[in-house]
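>>> Sequence unavailable; structure follows:
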């Protein structure tokens, strides 16, 4: 054996040696040969490594699977995590390209290429437009239902218009609601105010009634007691009967005496009298006021007379503002225009309480201004109690520029009694005094104060010659024993 091996080696050395293998080139040749063998095999066994999903093998190529229904497109491995659909006879990764690809009533979502069933009804407000300008058209998206609600003030039938008051008749005309007040209809006693202090104004069943106030008078003629020896007067709506002490007939001047405030002379058998300026004499009722509850003070034959109110309503507090503010306090919110006692205007002489510039017929200061005043405290008398007096409102009509009101402050609560908006419908008194009366009975027995206010919301140069807000002869009345 050893001899033979040596012989072979010896022979190789003597002859040409075979090439030495190159590992790199020989490896590449081996790979190419293997690939050729695989390709040759593919011609026999089909697609390598195989087709996936919705493809099938045709010869050596993977092609899209044909179908008649979505069920035909289930992958060979049965996987369902990725849905496939049958679209136009071929399996597809999307369901549709247009609405016609979906079975009615479905539509095609061209963003996701999937069929969907549209929501029934509306999906946004514009779809609900009924072309009726009298309705507000909206879509209730959850239900898909359109809603058509009548716009404010619009109507189709009378029933669409709400009157809001038993004293208002509502009707529909040309698509618009109309409201008309019923004649002689009331909702409360305030609707029945006739400005007559001798009537008790009330409202029942929508109708006003006016009962006579016992012992009340409007003039001296209503107070005649049939006694020629007495002077019959009507003061503060109460009758006063006082012996005159003044003879009517005479034979000499000396027969016409008996009153130190009147100088008498006998002329043709009848006494004639002239007022004198003696101590204690008076020329008007204002000079006799003691401001006592349930008492009438009057100047009778130039002598002060005082008579109690024995029954019915009487004055408990009276603010005349003839000589002073009568205890009222102004807030002085503005240094130029504020509440003050004025002699420029009044009801029956003396003075009044006014908001404006003192001694000027104006309340314009060059800017918006406002102010308030508060009365002294008083006890609201027994019912029927009321606050009454006279007011004069000379300002700009409407609610955009000037506002005014009268309030009651009781128990720390402020309640509106009267206002420009509520009682004058935003208007004015037309440069005239008007009476007012408001009920205080709900506060009977409570300590209270009257609060008056004026507010110039914005400056308006057209009101320089207007008087402003003025009050006079304010009385708190109530039952007397």
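Looks like it arrived, so ask away. Since we're looking at a predicted model, the values are computed, not measured.

>>> Could you grab the helix/strand/coil label for residue 423?
At residue 423 the chain is in helix, as set by DSSP: H, G, I helix; E, B strand; the rest coil.

>>> pretty sure it contacts residue 438?
No - applying Cβ atoms under 8 Å, one finds residue 423 not in contact with residue 438, separated by 9.0 Å. In short, each C-beta sits where N, CA and C put it, glycine included.

>>> Give me the more crowded residue out of the two.
Ranked by neighbour count (other Cβ atoms under 10 Å), residue 423 and residue 438 place residue 423 first, with 21 against 16.

>>> From residue 436, how far out is the more buried one?
Distance, residue 423 to residue 436, by Cβ to Cβ, to the nearest Å: 7 Å.

>>> and what of residue 394?
Following Cβ to Cβ, the distance that separates residue 394 from residue 436 is 16 Å.

>>> Could I get the full set of strands for the stretch 301-450 of the chain?
Applying DSSP state E, counting those that start in this stretch to the stretch 301-450 of the chain gives strands spanning 303-308, 313-319, 329-330, 338-342, 352-356, 370-374, 378-379, 386-394, 402-410, 413-419, 434-439, 447-456.

>>> Compare those and give me the one nearest residue 275.
Among those, strand 303-308 comes nearest to residue 275, with 10.4 Å by Cβ to Cβ.

>>> what residues are up against residue 422?
The contact partners of residue 422, taken as Cβ atoms under 8 Å, 6 or more residues apart in numbering, are residue 416.

>>> All further residue positions should be reported with the first residue as 43.
OK, 43 is where the count begins now, so the last one is residue 464.

>>> Tell me the bridge partners for the nearest residue to residue 372 once chain neighbours are set aside.
Excluding the flanking residues, the one nearest residue 372 by Cβ to Cβ, 6 or more residues apart in numbering is residue 381, at 3.9 Å. Listed by DSSP bridges, the beta-bridge partners for residue 381 are residue 397.

>>> what about residue 381, how many residues close to it?
Neighbours of residue 381 under the rule other Cβ under 10 Å: 26.

>>> Report the contact partners of it.
Contacts of residue 381 (Cβ under 8 Å, 6+ apart): 370, 372, 373, 395, 396, 397, 413, 414, 415, 494, 496.

>>> Just confirm the third one contacts residue 414, I think it does.
Read that as residue 373. Yes - counting by Cβ under 8 Å, residue 373 touches residue 414, with 5.0 Å between them.

>>> Wait, residue 337 touches residue 350, no?
Yes - counting by Cβ under 8 Å, residue 337 does reach residue 350; the two are 5.5 Å apart.

>>> Neighbour count: the two, which is higher?
Neighbours were counted for residue 337 and for residue 350 using other Cβ under 10 Å; residue 337 has more, 18 against 14.

>>> Spatially nearest residue to residue 149, not counting backbone neighbours?
Using Cβ to Cβ, 6+ apart and skipping the chain neighbours, the partner closest in space to residue 149 is residue 141 (5.1 Å).

>>> tell me, how many neighbours does that neighbour end up with?
Neighbours of residue 141 (other Cβ under 10 Å): 14.

>>> show me where pLDDT drops low in the stretch 143-292 of the chain?
195, 204-208, 268-273, 284-287 (pLDDT under 70).

>>> now the strands for it?
All strands of the stretch 143-292 of the chain, identified by DSSP E, counting those that start in this stretch, fall at 149-151, 156-158, 177-182, 187-192, 210-215, 218-223, 241-246, 249-254, 272-277, 280-285.

>>> Tell me which of those lies nearest to residue 511.
Among the strands of the stretch 143-292 of the chain, strand 241-246 comes nearest to residue 511, with 25.1 Å by Cβ to Cβ.
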